[in-house]
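J.: based on what follows, work out the 3D shape:
(2 chains)
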Amino acid sequence: ETGVTQTPRHLVMGMTNKKSLKCEQHLGHNAMYWYKQSAKKPLELMFVYNFKEQTENNSVPSRFSPECPNSSHLFLHLHTLQPEDSALYLCASSQDDRGSYEQYFGPGTRLTVT
Amino acid sequence: AQTVTQSQPEMSVQEAETVTLSCTYDTSESDYYLFWYKQPPSRQMILVIRQEAYKQQNATENRFSVNFQKAAKSFSLKISDSQLGDAAMYFCAYRTIRSNSGGSNYKLTFGKGTLLTVNP
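T.: Predicted coordinates:
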């Protein structure tokens, strides 16, 4: 596979469940990102990792816990979510975190919290 | 903080016609990057075109071109000879190129998007 992949593509979970979203990039990039896309709102940056180190946490609630074991993989661990957390979660990667580099996006995980 | 405004939630165009999507932004920076991203119904967001603020020449990519007006902080996207495959949500985005104190320079700020419909 090429580009940025995300699994699962769709996820339905209850508020007491624990689940994880996975992102993998096959582009040799060093920076990876999690975004939240809600209806009628701009994309919201959640977390940034550069060379496996978290360099940005955009005031995200602790019920979202990211993990970046290496530059190719990024996880988002979810626990005790709220219905308002239902959204499309997009992963992206770029060469590194400098402004000139294009971000490549994955197809997203559609999350529904019941 | 930077903000990006797309004033057209929806637009439609006839196939083979030209359409222009609007974007304005607010910043105190003099150097930055601007992007248009396309998100088709399959949801994979892809870069359409990029503009560096220090370049006066408007960027073009085949049928896609921008009208970059730095003083007016305007960055519109023109799609010529529209095709059915152009139907998508289009997002305008801003990115500074300098690190903020205590922060970083990689944050993309997106507009809310414009949904483009192409009619056959």
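
J.: unless I'm mixing things up, B:Val78 is touching B:Glu17, no?
T.: To be clear, residue B:78 is Lys; Val isn't right here. No. At 11.3 Å, B:Lys78 does not count as touching B:Glu17 under the criterion of Cβ atoms under 8 Å. Using the backbone N, CA and C atoms, a C-beta is placed for each residue, glycine as well.

J.: so which of those two has more stuff around it?
T.: With neighbours defined as other Cβ atoms under 10 Å in any protein chain shown, B:Lys78 and B:Glu17 compare such that B:Lys78 has more, 16 against 13.

J.: ok, the spatially most central residue of chain A to B:Ile49 distance?
T.: For chain A, A:Trp34 is the residue whose C-alpha lies nearest the centre (Cα atoms, centre = their mean; 2.9 Å). Distance of A:Trp34 to B:Ile49, given as Cβ to Cβ, to the nearest Å: 25 Å.

J.: what of A:Phe64?
T.: Applying Cβ to Cβ to A:Phe64 and B:Ile49 gives a distance of 32 Å.

J.: that older thread, so the residue nearest to the centre of chain A sits in a helix?
T.: No. Judged by DSSP: H, G, I helix; E, B strand; the rest coil, A:Trp34 forms no part of a helix; its state is strand.

J.: residues contacting it?
T.: A:23, A:45-47, A:66, A:74, A:76, A:89-91 (Cβ atoms under 8 Å, 6 or more residues apart in numbering or on different chains).

J.: packing partners for the lowest-mean-pLDDT helix or strand in chain B?
T.: Lowest on mean pLDDT, DSSP states H and E among the helices and strands of chain B sits strand B:108-110, with a mean of 89. With contacts defined as 3 or more Cβ pairs under 8 Å, 6 or more residues apart in numbering or on different chains; DSSP states H and E, strand B:108-110 has these neighbours: strand B:3-5, strand B:88-96.

J.: let's see that with 10 Å instead.
T.: Counting contacts by 3 or more Cβ pairs under 10 Å, 6 or more residues apart in numbering or on different chains; DSSP states H and E, strand B:108-110 packs against strand A:31-37, strand A:44-50, strand B:3-5, strand B:32-39, strand B:88-96.

J.: average pLDDT for the first one?
T.: For strand A:31-37, the mean pLDDT works out to 95.

J.: just checking: what are the partner strands of that strand?
T.: For strand A:31-37, the paired strands and their directions (DSSP bridges) are strand A:44-50 (antiparallel), strand A:87-94 (antiparallel).

J.: and what of the longest one?
T.: When pairing is defined by DSSP bridges, strand B:88-96 lines up against strand B:32-39 (antiparallel), strand B:108-110 (antiparallel), strand B:114-119 (antiparallel).

J.: near chain B, which residues of chain A show up?
T.: Residues of chain A lying close to chain B by Cβ under 10 Å from any Cβ of the partner chain are A:3-4, A:6, A:9, A:31, A:33, A:35, A:37, A:39-45, A:48, A:50, A:55-56, A:58, A:88, A:90, A:92, A:94, A:96-110.

J.: and the nearest residue to A:Ser38 once chain neighbours are set aside, what does it touch?
T.: For A:Ser38, ignoring the flanking residues on the chain, the nearest one in space by Cβ to Cβ, 6 or more residues apart in numbering or on different chains is A:Ala87 at 4.5 Å. Residues in contact with A:Ala87 (Cβ atoms under 10 Å, 6 or more residues apart in numbering or on different chains) are A:35-39, A:41, A:43-44, A:108-113.

J.: ok, these vs B:Ala53, which is closest?
T.: Of all these, B:Ala53 sits closest to A:Leu43, with 20.8 Å by Cβ to Cβ.
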